[in-house]
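Participant: 3D, please:
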Amino acid sequence: EATVRGLARIGVTAASEDGPFDVPDLQRVLTASAYLDAGFTLEQLESAIANRVLSFEIADAFHQAPIEPSGRTFSEFATSIGEPMDRLRAIYGAFGLPLPEAWTRTRKVEEELVEAFVTIWRVADGEDATIRAARIVGDSARRVSEGWVDLFVEQVSMPGMSRHDTYEDYVAATVTPAAQLVELAPKLLVWLQQRHSVHAMQSVNVELFEHDLVARQVIPERPHQPPVIAFADLVGYTRMTDVEGDERAVDAAGHLQELAEGAARVHGGRVVKLLGDGAMFRFDEAATAAIAMLDLAVGIPASGLGPAHLGLELGSVIERDGDYFGRTVNLAARIASSAGAGEVLAGPGAAVLLASDGRFDLVPAGERTLKGFADAVSVWRVQSAAGAGS
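Facilitator: Residues are numbered from 1 along each chain as shown. This is a model prediction of the structure:
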């Protein structure tokens, strides 16, 4: 109460110290509380407001109707859905949210969504499935939220500070699009999630249907080919950071991401994850993986990023929550690291298939002693065959 009255006194809210407070005042208080939690004082906020360095009026553009309280504490909510409080706190942590205390007040919409989430995932065999599911959706939401804010600050807010003479002009030019983004984000995420869900479910349905027909001997089982894992790493990225600065390194990483995603999309693969100065890919076929890496071997330096090390290998992997693990992943990474600038190397598993494909020439590149592998590994340099196109 003392904080709210103090914020009203210095003009953060539209109401006086005695109220009455309206819905926009809630967002203003929450915004100001973030400054106070960061260590700023009421006096510093008052001075900033007086000198038009800071305005809480802009918070009005972002206010949302307060979510109706449930009238229960977090402990009572956990008991009502039959979930141990420690486990429910772990789920909130996996969501990326602050861990609630036993006395924390819950909201109706929050209870409805969390209860539905917990109930659905109770059907899973593994005890950690609920935590993993929470982490997947939490990481996605966090990355979108933080990524959009960081991008907006970089591309709109910071340039706007030098472009506009007065604080009022700056606010007018930036607040409207920022508020529009806040409104757009959840709608866009729902639409995209629905589109991706349809594709994912259709793929799984086809796979399960085929598995059932094979089990009942209606159709023969297709020859199984393990996936292909590939890596591409920029040469001299650390030196680039030292010589040209962090901003250049960040730009290079972003440009590499665009090139990697483009190559994967064109050749039917997927970028599993980005590694700052590199990218990890997953392909169904060795040939498409090799073509994608050969394209990147040309495209990366042509874009001004300098050459890259590239490598691929075929073999069994362990898939978990969209990522891949195991010996094949480690081997593909080490093979790529051992490649020369602009060179595409293939491990023994991928080389067997590529050698029989007329689109490639494979040149023996000897045996390599790779970190983490006791025995030397034979590798081959992959090149496009004369007259072969991608």
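Participant: tell me where the model's unsure across the protein.
Facilitator: Residue ranges of the chain with pLDDT under 70: 63-64, 167, 387-390.
Participant: quick one, strands of the chain?
Facilitator: Taking DSSP state E, the strands of the chain run over residues 69-73, 105-107, 228-234, 270-274, 278-283, 308-314, 318-320, 323-325, 344-346, 360-368, 377-384.
Participant: who's in contact with the most centrally placed residue in the chain?
Facilitator: Closest to where the C-alpha atoms of the chain average out (CA atoms, centre = their mean) is residue 143, at 5.0 Å. Residue 143 makes no contacts at all, as judged by CB atoms under 8 Å, 6 or more residues apart in numbering. Glycine gets a C-beta too; all of them are placed from N, C-alpha and C.
Participant: tell me the contacts of residue 325?
Facilitator: 317, 318, 319.
Participant: what is the burial count for residue 297?
Facilitator: Per other CB atoms under 10 Å, the neighbour tally for residue 297 reads 23.
Participant: is it in contact with residue 342, as I believe?
Facilitator: Yes - Residue 297 is within contact range of residue 342, at 5.3 Å (criterion: CB atoms under 8 Å).
Participant: so what's in contact with those two at the same time?
Facilitator: With CB under 8 Å, 6+ apart, residue 297 and residue 342 have common neighbours 307, 308.
Participant: if we can go back for a sec, now, of the contacts of residue 325, which are buried?
Facilitator: Neighbour-count burial (16 or more other CB atoms under 10 Å) applied to the contacts of residue 325 gives residue 317.
Participant: between the contacts of residue 325, which is closest to residue 35?
Facilitator: In terms of CB to CB, no member of those lies closer to residue 35 than residue 319, at 44.1 Å.
Participant: beta partners of the closest one?
Facilitator: residue 324 (DSSP bridges).
Participant: next: residue 382.
Facilitator: Going by DSSP bridges, residue 382 is paired in beta bridges with residue 362.
Participant: number of nearby residues for it?
Facilitator: 29.
Participant: can you tell me how far it sits from residue 358?
Facilitator: 13 Å (CB to CB, to the nearest Å).
Participant: can you check residue 379 too?
Facilitator: 21 Å.
Participant: residue 232 too?
Facilitator: Distance, residue 232 to residue 358, using CB to CB: 24 Å.
Participant: between these two, tell me which one has more neighbours.
Facilitator: Remark: of residue 232 and residue 358, residue 232 carries more neighbours, 28 against 8, as counted by other CB under 10 Å.
Participant: distance between the longest helix seen in the chain and the chain's centre?
Facilitator: The single longest helix within the chain, with elements called by DSSP state H, is helix 167-215. Offset of helix 167-215 from its chain centre (CA atoms, centre = their mean, to the nearest Å): 13 Å.
Participant: next: stretch 345-353.
Facilitator: Stretch 345-353 sits 31 Å away from the centroid of its parent chain (CA atoms, centre = their mean).
Participant: quick check, residue 315 in contact with residue 331.
Facilitator: Yes - counting by CB under 8 Å, residue 315 touches residue 331, with 7.3 Å between them.
Participant: neighbour count winner among these two?
Facilitator: For residue 315 versus residue 331, neighbours defined as other CB under 10 Å are more numerous around residue 331 (24 against 18).
Participant: who touches the more buried one in this structure?
Facilitator: When contacts are counted by CB under 8 Å, 6+ apart, residue 331 touches 313, 315, 347, 370, 373, 377.
Participant: mind running it again at 7 Å?
Facilitator: Residue 331 is in contact with 313, 347, 373, 377, counting by CB atoms under 7 Å, 6 or more residues apart in numbering.
Participant: try residue 68
Facilitator: Shown in contact with residue 68 (CB under 7 Å, 6+ apart): 107, 108.
Participant: ok, back up a step: out of the contacts of residue 325, flag the one nearest to residue 203.
Facilitator: Closest to residue 203, out of all of the contacts of residue 325 and judged by CB to CB, is residue 319, at 13.3 Å.
Participant: any idea how many residues pack against the nearest residue to residue 305 once chain neighbours are set aside?
Facilitator: The shortest distance from residue 305 to any non-neighbouring residue, by CB to CB, 6 or more residues apart in numbering, is to residue 252 (5.4 Å). For residue 252, the neighbour count with other CB under 10 Å is 22.
Participant: for the one 5 residues further on, same thing?
Facilitator: As a burial measure, the neighbour count of residue 257 was computed by other CB under 10 Å and equals 13.
Participant: residue 293 now?
Facilitator: Neighbourhood size, residue 293 [other CB under 10 Å]: 29.
Participant: also residue 169?
Facilitator: The tally of other residues near residue 169 (other CB under 10 Å) stands at 12.
Participant: can we start the residue count at 114 from this point?
Facilitator: Noted, 114 is the first residue going forward, which turns the last one into residue 282.
Participant: ok, it to residue 274 distance?
Facilitator: For residue 282 relative to residue 274 (CB to CB), the value is 11 Å.
Participant: spit out the residues that contact these two alike.
Facilitator: Listed as contacting both residue 282 and residue 274 by CB under 7 Å, 6+ apart is no residue at all.
Participant: ok, residue 292 - contacts?
Facilitator: Neighbouring residues of residue 292 by CB under 7 Å, 6+ apart: 174, 175.
Participant: distance of it from residue 140?
Facilitator: In this view, residue 292 and residue 140 are 11 Å apart by CB to CB.
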